[in-house]
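Structure, please.
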Amino acid sequence: MSSININNRFRLISWNVKGLGNATKLGRVMTHLNRLKGDIYFLQETHMPNKEVVRLKKHWVGEVFHSTFNCRARGAAIIFRKDLPFIAEKSVLDPNGRYVIVSMKIQLTSFLFICVYGPNWDDSAFVKKLFSSFPDLQNHYIIMGGDFNFVQDPQLDRSSNTSAPPTRAAKMLSTLSQQFGITDPWRHKFPGGKSFSFFSHVHRTFSRIDFFLLDVRLLSNLVSVDYHGIAISDHSPVSLDLAILSRPRLLNQWRFNAVLLAEESYKEFIQSQLTLFFEFNDLPETNRSNLWEASKAYIRGQLISFISNKRKVESARTNLLLNDIKDTDQLLAASFDPDLYKKRLALQTELDLISTTEVRTLLLKSRQRFYESGDKAGKLLSYQARAEASSRLIPAILSPAGVTITDPVSVNETFAKFYSTLYTSECPHSPDLALDKITFPRVTDEDAEILGKPITTAEVSEAIKSLQSGKAPGPDGFTTEYYKTFSSVLSPFLKDMYNEAFLSGCLPNTLSEATISLLLKKDKDPLLCSSYRPISLLNVDFKILSKILASRLQCVLSTIINLDQTGFMPGRLSSCNTRRLFNIISSPCSDWVKLLYSSPKASVRTNNTFSPSFSLHCGTRQGCPLSPLLFLLAIEPLAIWLRSEAAFIGIKRLGTVHKVSLYADDLLLYVSDPITSVPIILNILQEYSNISGYKLNYQKSEFLPINDLARMIPSSTFPFRWSPGGFRYLGIQVTPLLSGLYHTNFTPLIDRTERDFLRWSALPISLAGRVSLVKMAVLPRFLYLFQHLPIFLGKSFFDKLDRTVSSFLWSGRPARIRKSVLQAPKDEGGLALPVLRFYYWAANIQKLLFWMNDDNEAISSWTQLEGKSSEFCLRSILCAQLPLPSVHTCPVVSTSLKIWSQFRKHFGLINSTVLTSVYKNCRFDPSKTDLSFKLWHRNGIKSISDLYTNNVFSSFEQLSKKYALPNQHLFRFFQIRDYVKKLFPHFPNRPPETLLDVLLSKDPFVNGCISSVYKSIWTASSKPSNTVKTAWEDGLNLNITEQQWRSALSLVHLSSICARHRLIQCKIVYRVHYTNARLAKIYPSISDACSRCHLSPANHAHMFWSCPVIAALWTDVFDTLTRAYRYTVTPNPMSAIFGLPPTSDTPSALKRAVAFTTLLARRLVLLNWKLPRPPSHVRWVREVLYNLKLERLRYSLHGSLRVFHETWSPFLQYVDSLTFPHNLEAD
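Residues are numbered from 1 along each chain as shown. Got it, this is the predicted structure:
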């Protein structure tokens, strides 16, 4: 075996935690383990079933190996800290929960880690079985630890003086330890010493039954073995420190703690320090860049001091108690003293109280997160739903010479050299003569002035506001939240610094710095540097400047970038090419961009190790808001060059030649003569590469032959991958035939969705959470295909998909809520479950809307191509009466119209619409041949709707005056009038607006068009039903007005921020719960009488309101609200069941209180649904107070405590004056 470098400590911790089932206990244990700062933890008696092991994965935890004993007893686990790089080889997980064995490599050194929880009886067979379970031990160092439940030496390892021989298990362990070459490191270090790990409160004795066994070859690396204080559990943690790893001194990069912004004292401290700093240092002669750099350094130092002092104060008492307990245990072990024992109990109680309070505070914050964000589409649900992410640690890498490197410093140096070379420009600094023949588009002088003007404070503030929160900061550690919170103070100084830097041509040093973080690409070799995707973490003050410039450039980009470019991504851009491209825009703007990229530097971070900074000589940085736009400017000359090259023969369709499509750096070329054109294309690409540094990746380039002649070309002719079956482009599998698109795209997606549903079924989320998962994770995948693939999908496809979704929502059981309720919008009390078929139609209709706007200058080439596929205007075909005419030659148009016909038939939209065109109308014969109607079209008469004035068909005089029609066109007027008269029976009045009119009037260019179309489709499909409303009216024996019912539905999602509360109210409103009256109709043997008052029938109105037993609760609820808010709240069913305010003039604070508190009362009624006694007033108050703690924390985190106090101070003050028999704030 190779020798081990001895450069740094490596700590292992073993601890019998005595059960982790309780959330508070788990929090206390994990907090204590983190304080002990171990690298590997051996835990015994976790008492965790398999599905709960994930609870051990705290933010500092990497891998967890847990025994597979699926019960709340026993349980062993080995936990690895997140920053420990290792390669796991094999694991043995005991199904009886007694041991975990893991073999692995750490820096090319092989270890065997064994965590043991021995039986509490003398069982030598267990010890023998344990050692026989070891995998191949060749070249492995053994480290074993745990609670063995026996002492090795009865004389030295017990506090009692009773002599007893070693147990059979101890003897077996001694024998096998000698055979395997392992020994007790504590006994090796202290041959005659005494220390204990377990205290028996029953026998009041100490013993050392928790220990490590260490490979004798590692004894020379032994640094220390310690038994810590017995706290939380009745066992003490055991730590083993070894000097066996070559580990660098890790630099903990400072990061602004945004969580503490919820504390007013923290914000006030920062505000005061910023004010103090700028008051003393903002002098006229002070350089703005130096002032800004100094302010960051000053605030960073103040915050480090503030938080360090805060932590010291918080941990001082805990550390003192732990030391006192350990000292007291030593005295008790020497001689038991009742008074000393009482002292120990008092110390333990105080420590428990402190640790429990700390953990409950953390648990409250955690519960608040789930209360506000749980079961909603967002980061929290996404984190729960995603597959377990691989570790970001890089344990080994190949050097350029092919040698495997495991030393963390050497790994970091290898990556630094790789990226330093990668970002060194290879393009020659020679005149780029090839680009001189290209005609570049240019911006106007007015736009140029806007692009290059000095930055204003308003622009800085707006840029800060637009930045996304929650992102990792750059090297300076200041997050977006810092800038957003203190924007009013920082913006003026940022503005001054930017403008001064522009004049001097040099940014402050820290703005040029970045940290490169690495992510392993999917299915790539982790030993290769090129397998990792570099992510640049930029300082926020750099991103603010970049965002301002990007916003300016975005305004003029459409005038200089061809419509063939449909997207943008960050890419590489060399400095020589940038200089040329800046001629496209303005000199002042180019100076701003040069300022950003004048001297960029980066440091590579791997395994928490940072390389020295190195210069970047080419490329834009991922994460910079300006980078995508700069890349578009970089790639546009190539696109212009390819389009203008006459020798490159593109594909001609309907009179238009198509050569290039671009999505950032994804280049799609249409070639009709490959033998002639491809060499020309390769030459252009090579010349452009020489100029710009932009390289063609031949390994990712593919060639798809789409006709028989192209298929005859030998595959070796071109340096591209030959892909006759198709290729993947922007997430779409492109096939030679349209018929192959379904099986290569939709079939794999359905399979993936079913696998995800199976995995998500085990998540502890409610129906609301499952609906959110469908909206957040499933809908976008299908919608992407709906938008990009012209495929006709029949009803059977969506029926099957709906069954799959329903099975997931209800875990394979029959549905309890009607689909129409789940799919209803939230303002109608539903859960907004997406109707995938409606989204399919909406996505395709959005594409058809471009046909309605074919005169728009921004129309794309594909729309122009489709328009030329018919001699008639496609707009007229869309608006024609069903069945639609087949007057086109394009298969994509045919499929789109087939989908459109499917939609119209579903909704019975058979007739034509006034939005149909006048010119080239497929059903108006004169427009086919008479060019006079072309003049009408050019003068503004685009559709028949333009022929109406104030909803009445216009006279010829009116049209002539409005659209400048010549008198000779009177006969054309008679022709079109006759056509309209036959088409619409309402003539001369304009026909009533239909769903067709609503949909075809929408603007496809605006954001949210698909959502708008979907909403219109849903509104048309939903049939008003008063069944539920009538049922409530009958049960309550009152009339519910339409306004009251709409308010009741809207309150489903307005009464509480919590998704589960909303789900409860949704179920109540729609009468989902089974009452005895309902059960009696299903099962005749069940009585329809109430289980509380024994009256019949026990329907929903009775269970929630009219039951005499439940009346006491509502009396107390409304009386409490009346007294608290000093406003009479008369008990009424509309408030009790739906949370509606008692009167229309109820104060807004009381409205919110009634909605929230009555919802919690209804929740308690449901919890006591079948019990003979209703929930008590005390329990309701306790429930409200607990939820108000979460509400207060929520308002505090959002900086709006004032709103909380306005609503809840009267309630809290009143409840505080009451006397109750129990602690109201108990959980």
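
contacts, neighbours, all on C-alpha from now
OK.

just checking, what packs against the helix or strand where residue 187 lies?
Taking DSSP states H and E as the definition, residue 187 sits inside helix 185-189. Here helix 185-189 is seen to pack against strand 210-215, strand 222-227 when contacts are counted using 3 or more Cα pairs under 8 Å, 6 or more residues apart in numbering; DSSP states H and E.

Can I get those in a markdown table including distance to residue 315?
Shown next, in a markdown table, are those (distance: least, Cα to Cα, whole Å):
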| stretch | distance to residue 315 |
| --- | --- |
| strand 210-215 | 27 |
| strand 222-227 | 20 |
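
nearest to residue 921, of these?
Comparing the helices and strands packed on helix 185-189 against residue 921 with Cα to Cα, the closest turns out to be strand 210-215 (88.5 Å).

The helices and strands packed on helix 185-189: which one's closest to residue 930?
When these are compared for distance to residue 930 using Cα to Cα, the nearest one is strand 210-215, at 97.7 Å.

hmm, back to that, flag every buried residue along the helix holding residue 187.
Going by neighbour count (16 or more other Cα atoms under 10 Å), the buried part of helix 185-189 is 185, 186, 187.

Give me the distance from it to the chain's centre.
In terms of Cα atoms, centre = their mean, to the nearest Å, the gap separating the centre of helix 185-189 from the centre of its chain is 49 Å.

now stretch 1162-1171
For stretch 1162-1171, the separation from the chain centroid amounts to 35 Å (computed by Cα atoms, centre = their mean).

so how far is the first residue of it from its last?
End-to-end distance for stretch 1162-1171, by Cα to Cα, to the nearest Å: 14 Å.

So for that stretch, mean pLDDT?
Stretch 1162-1171 comes out with an average pLDDT of 94.

re earlier: as TSV, the buried residues of helix 185-189 with pLDDT and distance to residue 688 would be great.
Below are the buried residues of helix 185-189 laid out as TSV (pLDDT from 0 to 100; distance: Cα to Cα, whole Å):
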residue	pLDDT	distance to residue 688
185	96	67
186	95	69
187	93	72
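
Closest one of these to residue 36?
Out of the buried residues of helix 185-189, the member with the shortest distance to residue 36 (by Cα to Cα) is residue 186, at 18.1 Å.

Leaving out sequence neighbours, find the closest residue to the closest one.
When the adjacent residues along the chain are set aside, residue 186 lies closest to residue 225, with 5.7 Å between them (Cα to Cα, 6 or more residues apart in numbering).

if you compare the helices and strands packed on helix 185-189, which one is most tucked away?
Per-residue neighbour counts averaged over each of the helices and strands packed on helix 185-189 give the maximum for strand 210-215, namely a mean of 24 (mean count of other Cα atoms under 10 Å).

farthest residue from the center of this protein?
residue 968 (64.7 Å; Cα atoms, centre = their mean).

Just to be sure, that residue is in a helix?
Yes: when the secondary structure is assigned by DSSP: H, G, I helix; E, B strand; the rest coil, residue 968 falls within a helix.

give the contact list for it.
Contacts for residue 968 were tallied using Cα atoms under 8 Å, 6 or more residues apart in numbering; there are none.

Tell me the predicted confidence for it.
91.

returning to that earlier point: which is the next helix or strand following the helix holding residue 187?
Criterion used, DSSP H and E; the element after helix 185-189 is strand 198-200.

possible to save the helices and strands packed on helix 185-189 as a markdown table with mean pLDDT and distance to residue 150?
What follows is the helices and strands packed on helix 185-189, written out as a markdown table (pLDDT from 0 to 100; distance: least, Cα to Cα, whole Å):
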| stretch | mean pLDDT | distance to residue 150 |
| --- | --- | --- |
| strand 210-215 | 95 | 8 |
| strand 222-227 | 93 | 17 |
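
out of those strands, nearest to residue 1102?
Using Cα to Cα, the helices and strands packed on helix 185-189 put strand 210-215 closest to residue 1102, at 60.7 Å.

For that closest one, give me every contacting residue.
Strand 210-215 is contacted from outside by 14-16, 141-149, 181-186, 197-198, 235, 238, 240, using Cα under 8 Å, 6+ apart.

Given that strand, what are its sheet partners and their directions?
Using DSSP bridges, strand 210-215 pairs in its sheet with strand 140-147 (antiparallel), strand 182-183 (antiparallel).

relative to strand 222-227, how tilted is that strand?
Counting by axes from the mean of the first three to the mean of the last three Cα atoms, to 10 degrees, strand 210-215 lies at 160 degrees to strand 222-227.

list the contacts for residue 9?
Taking Cα under 8 Å, 6+ apart as the definition of contact, the neighbours of residue 9 are 223, 241, 242, 243, 244, 245.

swap the cut-off to 6 Å and go again
With contact taken as Cα atoms under 6 Å, 6 or more residues apart in numbering, residue 9 is in contact with 242, 243.

What's the per-residue pLDDT of it here?
Reported pLDDT at residue 9 in the predicted model: 77.

Fine by me, we can end here.
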